[in-house]
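Engineer: Here is my input; please provide its structure:
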Amino acid sequence: MTASMARRKVWIIYLAAVTVYFVAVVHRTALGVAGVEALERFNVQATGLALLSVTQIGAYALLQIPAGHLLDRFGPRATMTIGSLVMAGGQLLLAVNDHYGVAIAARIMIGAGDAPIFVSAARLVSHWFPARRVPFLMQMTGFIGQAGQLATAIPVAMLLHAQGWTFTFSTLAAVGLAAAAVAFTWVRMPASEPGSVEADRERFWASIRAATDHVGTRLGFWSHFLPPFSANVIALLWGVPFFVTAQGLSPRRASSLLIVLTLSAMVAGPLAGVFTGRHPLRRTWIVLGSAIATLIAWAVLLSFNTPRPWWQLAVFCAVIGMGGPISLVGLDFARSFTAERRLGTATGFVNIGGFASTIAGVLLVGFVLQLVSPPGATTYTLNNYRVAFASLALVWITGFIGVLRNRRRTRAVMAAGGVVVPPIREALRRDWHRD
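Structural biologist: Next up, the predicted model:
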C-alpha cells in the first residue's frame with residue numbers, strides 16, 4: 001500500500017468514526033427539543049421529565065468503564081456497531097409508545113448504546129494519528145459531535161413540529177441503523193490489534209484499578225466534570241422549557257438559542273485543541289477559566305427577575321457552550337498518563353466526569369423546581385427556575401475543588417519524575433520565540 005493510500009485509509013476510518021459519533025449525539029440530545037411534548041405525552045411533572053433524561057445519562061455514565069474495557073478487548077468496530085444498533089432500538093421503542101415506564105427503558109437503551117461511541121472514536125484518533133496531532137483532532141471530533149447537537153436543534157426540532165413524535169423518533173431509529181452499517185463497514189484497527197491481547201487476559205477489576213490509579217487520570221476526571229454540565233443541563237432537558245415558559249420565547253426562538261450554544265462550542269473546540277497542544281503543562285488553565293466564565297454567566301442571568309431579551313440569553317448560551325469542548329481536555333490527561341492497552345478503560349473513567357455532573361445538575365433542577373412549585377404543576381415560573389438553577393452552584397463548587405486538589409497532586413507526581421511546570425512568564429517567552 002502506498003503512503004497516499006495509507007493516509008486515505010486513515011482518514012476514511014476517522015470520518016466513519018466521527019459520523020457514528022455525530023449520529024450518537026443526535027440520539028443523545030433529541031429529548032432536549034422535545035421536553036414540552038414529553039411532559040404532555042407521558043403526563044409527567046418536572047421530576048418525571050428529569051428522570052427521563054437522567055436514566056439515559058446515568059446508563060451512559062455507569063457503563064463508561066465497562067464500555068472502555070470492552071473497547072480494549074474487542075476493538076472499536078464491534079463497540080460502535082453494537083452501540084448504534086442499541087440506540088436505534090431505543091429510539092424505535094420511544095417512538096411507538098406513550099407509557100412512561102417503557103419510555104424509561106427506551107432511554108436506558110439509548111444511554112447504553114451511546115456509552116462506547118465517543119471512547120471508541122477517541123481510541124481511533126489516539127491510535128491512527130501522531131501524538132502531536134491528537135489534541136487538535138480530539139477537539140475536531142468534539143466539533144463534529146456538536147454539529148450533531150446542531151442537527152437536533154434545527155432539523156429534528158422542525159421534523160418534530162411538522163410530523164409529530166412518532167414519525168420523528170422512528171426516523172431517528174432508521175438513522176441509527178445507517179450509523180451501525182457505517183461502523184461495521186469502515187471502522188478498523190490493525191488486523192493484529194482488534195483490541196488488546198493483554199487486555200483480554202487482564203481481569204476486569206485489575207484493569208480498572210490499573211487504568212484509574214494515576215492521579216493524572218483522576219485530574220482528567222475532574223477536568224471533564226467541571227466545564228460541561230451547565231451546557232448539558234440546558235441542551236439536554238431544561239433549556240427549551242425554561243426559554244419558552246419562563247422567558248416567553250416561541251419554540252423556534254428557543255431552539256435558536258440551542259443553536260447559539262452549539263455554535264459557541266464548535267468555535268471553542270479547535271481553539272482549545274490548539275491551546276492544549278501548545279501548552280500541555282497548563283491544560284487546567286483553560287478548564288478553570290471556562291468554569292469561572294460559566295459561573296459569572298449564571299450569576300448575571302439569575303440576578304434578574306424579569307424575562308431577558310433574546311440577545312442576553314444568547315450571550316449566556318455562548319459562554320456556557322464553551323464548556324463542552326473544553327471538558328475534552330480531561331481525555332487528554334487520560335492519554336498522557338495511561339498505557340495504550342488500557343486507554344479505553346481510562347478514557348471511559350474520565351468520560352464519566354462530565355456526565356456525573358450533568359446527572360447531578362438535571363436532577364437538582366428538577367427536584368428544586370418541583371419543591372418550589374404548587375403541587376401538580378407542569379409549567380414553572382421564572383422565579384421557580386431562578387431558584388432551581390441556583391442549586392447548580394453545588395455541582396460547580398464540587399468540580400472546582402476537585403480540579404484544584406488533583407492538579408496539585410499531579411504536579412507533585414510530575415515534579416518527582418523530573419517534570420517541573422515552568423513559570424508562566426517563561427512559558428510565554430518560549431512560545432513567543434518558537435513563533
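
Engineer: Return the set of buried residues in stretch 129-143.
Structural biologist: Residues of stretch 129-143 classed as buried by neighbour count (16 or more other Cβ atoms under 10 Å): Phe129, Val134, Pro135, Phe136, Leu137, Met138, Gln139, Met140, Thr141, Gly142, Phe143. C-beta: built from backbone N, CA, C; applies to glycine.

Engineer: Rebuild the residues you listed as a markdown table, extending it with pLDDT.
Structural biologist: A markdown table is the format used below for the buried residues of stretch 129-143 (pLDDT from 0 to 100):
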| residue | pLDDT |
| --- | --- |
| Phe129 | 85 |
| Val134 | 81 |
| Pro135 | 78 |
| Phe136 | 81 |
| Leu137 | 86 |
| Met138 | 84 |
| Gln139 | 79 |
| Met140 | 86 |
| Thr141 | 88 |
| Gly142 | 81 |
| Phe143 | 81 |
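
Engineer: Which ones among those map onto helices?
Structural biologist: Val134, Pro135, Phe136, Leu137, Met138, Gln139, Met140, Thr141, Gly142, Phe143 (DSSP state H).

Engineer: Verify the stated contact: Phe400 with Ala291.
Structural biologist: Yes. With contacts counted by Cβ atoms under 8 Å, Phe400 reaches Ala291, the gap being 5.9 Å.

Engineer: what is in contact with those two at once?
Structural biologist: Leu226 (Cβ atoms under 8 Å, 6 or more residues apart in numbering).

Engineer: Quick one: neighbours of Val420, just the number.
Structural biologist: 10 (other Cβ atoms under 10 Å).

Engineer: Let's have the buried residues of stretch 129-143 in JSON lines, adding distance to Tyr14.
Structural biologist: Formatted as JSON lines, the buried residues of stretch 129-143 follow (distance: Cβ to Cβ, whole Å):
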{"residue": "Phe129", "distance to Tyr14": "8"}
{"residue": "Val134", "distance to Tyr14": "12"}
{"residue": "Pro135", "distance to Tyr14": "15"}
{"residue": "Phe136", "distance to Tyr14": "12"}
{"residue": "Leu137", "distance to Tyr14": "8"}
{"residue": "Met138", "distance to Tyr14": "11"}
{"residue": "Gln139", "distance to Tyr14": "13"}
{"residue": "Met140", "distance to Tyr14": "9"}
{"residue": "Thr141", "distance to Tyr14": "8"}
{"residue": "Gly142", "distance to Tyr14": "13"}
{"residue": "Phe143", "distance to Tyr14": "13"}
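
Engineer: Among the ones in helices among the buried residues of stretch 129-143, pick out the one closest to Tyr385, please.
Structural biologist: Closest to Tyr385 out of those is Gly142 (28.3 Å), distances taken as Cβ to Cβ.

Engineer: who are the neighbours in contact with that closest one?
Structural biologist: Per Cβ under 8 Å, 6+ apart, neighbours of Gly142: Ala265, Gly269, Gly324, Pro325, Leu328.

Engineer: try 6 Å this time
Structural biologist: Shown in contact with Gly142 (Cβ atoms under 6 Å, 6 or more residues apart in numbering): Gly269, Pro325, Leu328.

Engineer: Right, I'll call it a day here.
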